[in-house]
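Student: I would like to see how this sequence folds:
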Amino acid sequence: MKAFLQANLTVMTFAIGWFPILNAPGQEVLPRPEPAFRGKIGLTYKDSEAVKPELKIPQTYGLENPPNILIVLIDDCGYGQMGTFGGGIPTPAMDRIANSGIRYTHFHTTALCSPTRAALLTGRNHHSVASGVIGEAGTGFPGYSGIIPASAATFAKVLREYGYANAWFGKNHNVPDWETSLVGPFDRWASGLGFDYFYGFVGGDTDQFHPALVENKKRIEPPETNEDGSAYHFTTDIADKAIRMMRASKAVAPQRPFLVYFATGATHAPHQVPAEWIKKFSGQFDDGWDAYREKTLKRQIELGVVPEGTQLTPRPTSLPAWDSLPANEKRVYARMMEVFAGFTAHTDHEVGRLLDAIEDMGELDNTLVFYMAGDNGSSAEGGLSGLLNEMTFFNAIPEPLDAKLAAIDSLGSDRHYNHFPAAWAHAMDTPFQWTKQIASHFGGTRNGLAVSWPKGIQARGEIRHQFHHVIDIAPTILEAVGIQMPAQFEGVAQKPIEGISMAYSFEDAEAEDRRTTQYFEMLGNQGIYHDGWMASAIRGVPWLSENEPADLLNMPWELYHVDQDFSQANDLAQQNPEKLEEMVKLFFAEAAKYNVLPLDDRKTERLNVENRPSLTQGRKKFSYPNLLRLPEGAAPDLKHKSHTITAQVTIPESGAEGMLITQGGRFAGYGLFVKDGRLVYHYNLAGVERYNIESQDRIPTGEVTLRMVYRSDADKPFAGADVTLYANDTKIAEGRVEKSIPNRVTLDETLDVGFDTGTPIIEGFDMPFDFTGNLISVTIELD
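Tutor: Numbering: from 1, shown residues only. Purely as a prediction, here's the structure:
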């Protein structure tokens, strides 16, 4: 037998390891096939030669010292907001990147958050990757499902195959609503999109003092303080964690470059920031939004980020002139802008801490930094008069001015989910028309971009005017690293990259634009850029929750020669109808090519959960164990529906108290709990109205069935309801909820069983207000 084995050993060894090694940077298939065994296999280890597996580092794949990568993405930030682009808020960290590299003055996004983020990560247009709108408004069409397809691998997934250590801090708004619970699936969580570590929140926005934190795939509560002992704030926390990760990564594996995606919740609402940052801007905005726009344009021209002769576009007629406002409104609105300025400055300060840490590690020269001032323009979703609570906007609930005046000294604190007026958002987008959501105009899509890579870019403090789009970031990164997007990833053929690398412009300020065409579409707003011209069709104003009926195929298109008209101030549609017709036809050709069709201008109607898959669809009964947390997208939809909540508990003779079930918190929601021995149902109508139904007598001890019966007047938005409380089938209280939440209970908080995380549903108890008896189960039944 031994002789037979020895005679056939060569054939056997060949059969074990004939596969070729594919290590070249132009790898066509990722992950790579298993490499051939290059050693020798004998009958025992004594006559065999082992070969150690190679480290998964860039050098293994032919890459010598590729750059670290830092992507900073600020949320809801306008072109005229940051001091680096002429805004009235100093941003020294962004200045630092711009002065050591390049400012791009013609960089564009999609006009809305998660679509921009999907385009950034994949290098494809947002409709091409099923992200034509935020996931919470997704529909069952290829361009709008909210499910980034496997055929559009992210650049992070590719970098990971070349040995990069990838970490994501902050906002992840690319997980479909129904996939955000503890059961996943996790394909579109950070790990599924190419990141080894995630620390942040999953959703559109979060409370900066009480964030809905997720670490990797686990929901956690934030620490009580920042690492330096100061009062907790989310932006500081994610900066702390990012710095810790970068230092640890380089200490343990200096051969591996890092990719850090730092996506702040700021400056999206809620505008919340430590008070000392608000004080820095006291009195600086008392002359209002019209004066801000004029001063900003002057600064922009002086900086060279806006050309001489640029016209300041007029303020929309539906936004009030500052001088037309009464004194009390000016006082509130100026304060709201002071809060926003402090929020912006604080965010940039935390980015500066990241840069300091990278420099201290000796890595800044070989770090490619993209500092994106916005995933869209500034947000006008604060309405005409600003908000104490953003949930009122999403639920079309008016807020009285008196409440804002009473809260003026606490704006920016954890007591409010505040937002500023739309006219301030318009001012942040100087010199352009419109704001976030409006993809037809540059106020919604043009964002400041600063890029620095001292080792790889020789330019210092220079400006580039080439037309580019967020889809161009991914191919720029791949070119800088020296690799390509594979034709196949994880067994799936890949869509071609639709972005164009910006690297050609790094050393040539006069290089001809390589991006000559780009479509824009969001919520029915339509735009097309081609060879220096822009055609634009606006569908509706962003501060209204729904559009008036209109014919999406016969929009009143505008035409701008943006090579000569930077701000889109002069509509040439009447003078050049032939050019306009050519541009409109090009828009529809691009729309057909990139999954933009069918056009859809609906807003609140698309938020209906019935438009999307649901873990709760078709179910009438839900039984939950103690200490469970569920995001709204995975929880039963109880809005204006009759239902019963039953809690099976055991209460000791000494009594018990605590939360049985709650959804939402300080800014909207409901809670069923025991306090001072009494059963309480509390309903919070976005802080504008509160309804409290409470038993007069103490509930019994021992094994007890506690029940809340909610009888809605009708299954329609804002419907009131009769509420009755029971203990062991004995009625113990009854009352009314006169008006209910119509659209969304919360943007970031969860349904909690047996405790209350995030913010309290009502003041007066210590969080997390765990139930101190034995909570066996909570059952929700829809009638």
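
Student: Setting aside sequence neighbours, what's the nearest residue to Met361?
Tutor: Lys250 (5.7 Å; C-beta to C-beta, 6 or more residues apart in numbering). Bear in mind the C-beta positions are built from the backbone N, C-alpha and C, glycine included.

Student: From the contact counts, what lies against the helix or strand encompassing Ile301?
Tutor: According to DSSP states H and E, Ile301 maps onto helix 288-303. For helix 288-303, the helices and strands in contact under the criterion 3 or more C-beta pairs under 8 Å, 6 or more residues apart in numbering; DSSP states H and E are helix 327-360, helix 422-428.

Student: Any chance of a markdown table for these, columns distance to Trp277 and mean neighbour count?
Tutor: Formatted as a markdown table, the helices and strands packed on helix 288-303 follow (distance: least, C-beta to C-beta, whole Å; neighbours: other C-beta atoms under 10 Å):
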| stretch | distance to Trp277 | mean neighbour count |
| --- | --- | --- |
| helix 327-360 | 4 | 21 |
| helix 422-428 | 17 | 30 |
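
Student: Tell me which of the ones you listed sits nearest to Glu136.
Tutor: helix 422-428 (20.6 Å; C-beta to C-beta).

Student: Quick check: next helix or strand after the closest one?
Tutor: With secondary structure assigned by DSSP H and E, helix 422-428 is succeeded by helix 442-445.

Student: For that next one, output the C-alpha coordinates as CSV.
Tutor: The C-alpha trace of helix 442-445 is given here as CSV (Å, rounded to 0.1, in the frame of the first residue of the first chain):
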residue,chain,number,x,y,z
PHE,A,442,-29.1,73.2,-7.4
GLY,A,443,-30.4,74.2,-4.0
GLY,A,444,-31.4,70.6,-3.6
THR,A,445,-28.4,69.0,-5.2
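
Student: report the longest strand in the protein, please.
Tutor: As assigned by DSSP state E, the longest strand anywhere in the chain is strand 702-712.

Student: Past it, which element shows up next along the chain?
Tutor: From strand 702-712, the next helix or strand downstream (DSSP H and E) is strand 721-727.

Student: who does that next one touch, helix- and strand-wise?
Tutor: Counting contacts by 3+ C-beta pairs under 8 Å, 6+ apart, strand 721-727 is packed against strand 678-685, strand 689-694, strand 702-712, strand 730-737.

Student: Report the next helix or strand after the helix or strand encompassing Phe370 in sequence order.
Tutor: Here Phe370, judged by DSSP H and E, is contained in strand 367-373. Per DSSP H and E, the first helix or strand lying C-terminal to strand 367-373 is helix 390-394.

Student: ok, back up a step: next, find the distance separating the residue nearest to Met361 from Ala165.
Tutor: 9 Å (C-beta to C-beta, to the nearest Å).

Student: Look at the two and report which has more neighbours.
Tutor: Higher neighbour count among Lys250 and Ala165: Ala165, with 24 against 19, using other C-beta atoms under 10 Å.

Student: Give me the next element, helix or strand, following the least confident helix or strand in the chain by mean pLDDT.
Tutor: Here the helix or strand of the chain ranked lowest by mean pLDDT, DSSP states H and E is helix 9-16, holding a mean of 41. Downstream of helix 9-16, the next assigned helix or strand under DSSP H and E is strand 29-30.

Student: how close does the closest residue to Asp783 other than its chain neighbours get to Lys739?
Tutor: Leaving aside its chain neighbours, Asp783 sits nearest to Ser642 (4.0 Å; criterion: C-beta to C-beta, 6+ apart). From Ser642 over to Lys739 the distance is 16 Å, taken as C-beta to C-beta.

Student: I would like the residues contacting the helix holding Ile301, please.
Tutor: 80, 85-88, 285, 306-308, 310, 312, 315, 321-323, 325, 330, 333-334, 337, 423-424, 426-427, 430-431 (C-beta atoms under 8 Å, 6 or more residues apart in numbering).

Student: Also stretch 552-565?
Tutor: 311, 440, 442, 524, 526, 529, 532-539, 568-573, 576, 579-580, 583-584, 599, 601.

Student: Those residues in strands, which ones?
Tutor: Gln526, Tyr529, Trp533, Met534, Ala535, Ser536, Ala537.

Student: Let me see the contact set for the most centrally placed residue in the chain.
Tutor: Centroid-nearest residue in the chain: His173, 4.1 Å away (criterion: C-alpha atoms, centre = their mean). Contacts of His173 were listed using C-beta under 8 Å, 6+ apart, and they are Cys113, Ser114, Arg117, Ile134, Gly135, Val202, Gly203, Gly204.
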